[in-house]
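Enquirer: fold the following.
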Amino acid sequence: MNVKRIRILVSMAALVFVLRASPARAQAPLEPAQMSPRTLFYLIWRGAPAPDVRKANSLLALWDDPDFAPVRSALAAGILSSSNEKSSEPKLTPEELGEFASLLENSFTVGYLNEPAAHKRSNAAAANPSTAAEAKPPEWNGMFFVYDRTGKEALLAKAVLRLRAEEKEIPKLSQITIGNVSVLKIERKNNNVTYWAEQGKYAVSTSDRSVMEDLLGRLDSKGAGAASLTQSAAYQEAQPTLGGGLVEFFLRVPDLKELAADSKAGMFQVRPMLDAARLDAVHSLSGRVTFEGAKTHVQAAILGDTTAGTLFDIWSAGQATPASLALVPANAVSYTAGQVNFTGIYDMVKRIAGAAFPKGQQGNADILDTLAQARLGMSLPDALVVLSGEFASMQTSPSLDTAKQVYFLGIRKKPETLKLFRSIFGDQLTSERNEGDVTFLKISTGGNQGSSGVAQWHFYNVAVTPEMVVGASRIDTLREALANRSNGTATAGLATVPQFQAARAKFPEKVDGLGYLDFQKIDWQAAKDRWIADAKKNSPAKSLDSGKQTAAPTAPDWISQVNPRVFAKHLHYSSSVSWKDAKGIHWDQWVE
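Expert: Purely as a prediction, here's the structure:
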């Protein structure tokens, strides 16, 4: 399956919820219990949900609502535009795209098999032939695609023929037999080969004969009892985030080093850098999306060895309550907070940089430290220690006005933080004044030409407190956020909202990230009016350089056409959290 096939498949997947689907199939054409132990990666799509599931679920009901049609149409138009870019073939019409998108009513599995050891040895020998006439073996490609074509046989054949028609050169086609199954072999230039088979209700595509042989055997009942992916320690460790759901994915991370054995990133060898990053300590990346009544549940995890000196140093041990939460009022529309370990990130980058340069050139790995010392007046490790690792944002405007957006950055040392601001922004720092224990900074962000042809300058406002940096585009927004701190309203803030408390109580005491969004607090009509106004607020003006008149920007059609009440009708609340434990880093989100 070549890149073009994958791209078109992904494009069609983006339209899947347009469908009024038949009942979803609970089982994929190739489940993990049927997969080879050499499976590096898989993604399962279990077919579009049944009508009763779609009607009950808030997100699916939103997508199916007639008032949401302008958004669906805009998405389809965008996919049509991107999928036909630089193509000499006739463009897909919306009707054709909808027809091909209906292929997503059925389930499929996409995956990749690692190269078997015996195959590596034979290729290594062939790569050093005794005679110049011997051909170099093709590179391994373990990608595979298995599709349940039940009821879609004619449409699938039509889609395949269209894909072949788009190829610039006619490939060589031949019929071969693999495991008593007739297989179409498609040969292109540069040893580019694809195998296509239709066995019973399944269509199978791979780029390697041995992969096709393995898949056909496992799809056949005779493959029952064979060793499978589910027997691997990495899969069993990831099982809490696998099994069932609309979408499910799994990646064995350490095996990625095999794909990068001889790869280069510019002048650097990739494999030593991956070794320095301790990629082997990360066992897997996995996740799924499930529907539970009105709620949509998204889960994901990166699991492995979390001891110091591994990739897991990126994340901190977490905290029970983010410092920024004290500044978030109960009427906040949204709040997002996260925490990273800047020192851990720095140490990891240093290890990777050290591995990237050959012996005798290790000094090049210290260039960032040298630049930081010259620019900041302190070493990079000292600068990073100033930051606590917490970052957050909140929105209090029902119309989602960006002028009401507030950002937070946790700090440990205020004097050193101010020194960093002065060093980094220099002349852009236009004013600095103290009010109690808060230092207000005004930073110039540049200028542009207004509608009257006069240059206008823009500024960003920052307040530095002993425990955090708070930023907003408008000073009154900044002062509103700080008022929560000075008035001690944290006891009456977002942390006391029952809905927020209930979501927070489900998870561990210490977390690395929190997310909250109350859709019901959004004034969707006001938000729509503001989006349209923002798109049109810059009237036509003559350029100072060329004197040419530029066209006035207009709002996208879907914004002006969509009924804003459709969002309030279906969307109510979203909460998310991430945390680190001895097993790895976990993400969990609910949308209802």
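Enquirer: point out where the stretch 51-200 of the chain drops to low pLDDT.
Expert: Scanning the stretch 51-200 of the chain for pLDDT under 70 picks out the ranges 79-91, 118-138.
Enquirer: tell me the strands in it, going along the chain?
Expert: Taking DSSP state E, counting those that start in this stretch as the criterion, the stretch 51-200 of the chain carries its strands at 108-113, 143-148, 172-178, 181-188, 192-199.
Enquirer: measure the residue positioned nearest the centre of the chain to Ser574 for me?
Expert: For the chain, Ala300 is the residue whose C-alpha lies nearest the centre (Cα atoms, centre = their mean; 11.4 Å). Noted for Ala300: a distance of 16 Å to Ser574, by Cβ to Cβ, to the nearest Å. To be clear about C-beta, it is placed using only N, CA and C from the backbone, and glycine gets the same treatment.
Enquirer: need the three-state assignment for the nearest residue to Pro381 once chain neighbours are set aside.
Expert: The shortest distance from Pro381 to any non-neighbouring residue, by Cβ to Cβ, 6 or more residues apart in numbering, is to Tyr346 (6.3 Å). Per DSSP: H, G, I helix; E, B strand; the rest coil, the local secondary structure of Tyr346 is helix.
Enquirer: where does pLDDT dip in the stretch 251-400 of the chain?
Expert: 260-268, 360-365.
Enquirer: nearest to Val566 among the strands of the stretch 51-200 of the chain would be which one?
Expert: Nearest of the strands of the stretch 51-200 of the chain to Val566, taken as Cβ to Cβ: strand 108-113 at 30.3 Å.
Enquirer: doesn't Thr439 lie inside a helix?
Expert: No. With three-state DSSP as the criterion, Thr439 is assigned strand and is not in a helix.
Enquirer: which residues touch it?
Expert: Contacts for Thr439 were tallied using Cβ atoms under 8 Å, 6 or more residues apart in numbering; they are 414, 418, 432-433, 463-464.
Enquirer: go through the residues you listed and name the one nearest Glu153.
Expert: Nearest to Glu153 out of the contacts of Thr439 is Ala463 (Cβ to Cβ; 64.6 Å).
Enquirer: surely that closest one is within a strand?
Expert: Yes. Residue assignment for Ala463, taken from three-state DSSP, places it within a strand.
Enquirer: helix or strand for the nearest residue to the residue nearest to the centre of the chain once chain neighbours are set aside, which one?
Expert: For Ala300, ignoring the flanking residues on the chain, the nearest one in space by Cβ to Cβ, 6+ apart is Gly287 at 3.3 Å. Using DSSP states H and E, Gly287 falls within strand 282-292.
Enquirer: quick one: name whatever helix or strand follows that strand.
Expert: Scanning forward in sequence from strand 282-292 by DSSP H and E, the next helix or strand is strand 295-304.
Enquirer: show me what that next one is packed against.
Expert: Based on contacts counted as 3 or more Cβ pairs under 8 Å, 6 or more residues apart in numbering; DSSP states H and E, the elements that strand 295-304 packs against are helix 58-64, helix 233-238, strand 282-292, strand 584-591.
Enquirer: hey, what's the residue nearest to Ala300 bridged with?
Expert: Listed beta-bridge partners, Gly287: Phe249, Ala300 (assigned using DSSP bridges).
Enquirer: need the contact list for it.
Expert: Neighbour list for Gly287: 241, 248-249, 298-301, 587 [criterion: Cβ under 8 Å, 6+ apart].
Enquirer: hmm, try it at 7 Å
Expert: 241, 249, 299-301 (Cβ atoms under 7 Å, 6 or more residues apart in numbering).
Enquirer: go on, Thr402?
Expert: Under the criterion of Cβ under 7 Å, 6+ apart, the contact list for Thr402 reads Ser473.
Enquirer: mind checking pLDDT for it?
Expert: Model confidence at Thr402, given as pLDDT, is 92.
Enquirer: now the helices: where do they sit in the stretch 51-200 of the chain?
Expert: If you assign secondary structure with DSSP state H, counting those that start in this stretch, the helices in the stretch 51-200 of the chain sit at 51-56, 58-64, 69-83, 94-101, 117-126, 153-165.
Enquirer: reformat the ones you listed as CSV; add mean neighbour count and distance to Ala472.
Expert: Compiled in CSV, the helices of the stretch 51-200 of the chain are given as follows (neighbours: other Cβ atoms under 10 Å; distance: least, Cβ to Cβ, whole Å):
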stretch, mean neighbour count, distance to Ala472
helix 51-56, 15, 40
helix 58-64, 19, 31
helix 69-83, 16, 30
helix 94-101, 16, 42
helix 117-126, 12, 57
helix 153-165, 14, 50
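Enquirer: distance to Gly389 added to these, as a markdown table?
Expert: Listed next are those as a markdown table, based on distance: least, Cβ to Cβ, whole Å:
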| stretch | distance to Gly389 |
| --- | --- |
| helix 51-56 | 40 |
| helix 58-64 | 32 |
| helix 69-83 | 37 |
| helix 94-101 | 43 |
| helix 117-126 | 42 |
| helix 153-165 | 48 |
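Enquirer: out of those helices, flag the one nearest Ala276.
Expert: It is, among the helices of the stretch 51-200 of the chain and with distance given as Cβ to Cβ, helix 117-126, at 23.8 Å.
Enquirer: any chance of the helices and strands packed on strand 295-304 in a markdown table, plus distance to Ser388?
Expert: Below are those laid out as a markdown table (distance: least, Cβ to Cβ, whole Å):
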| stretch | distance to Ser388 |
| --- | --- |
| helix 58-64 | 35 |
| helix 233-238 | 31 |
| strand 282-292 | 25 |
| strand 584-591 | 19 |
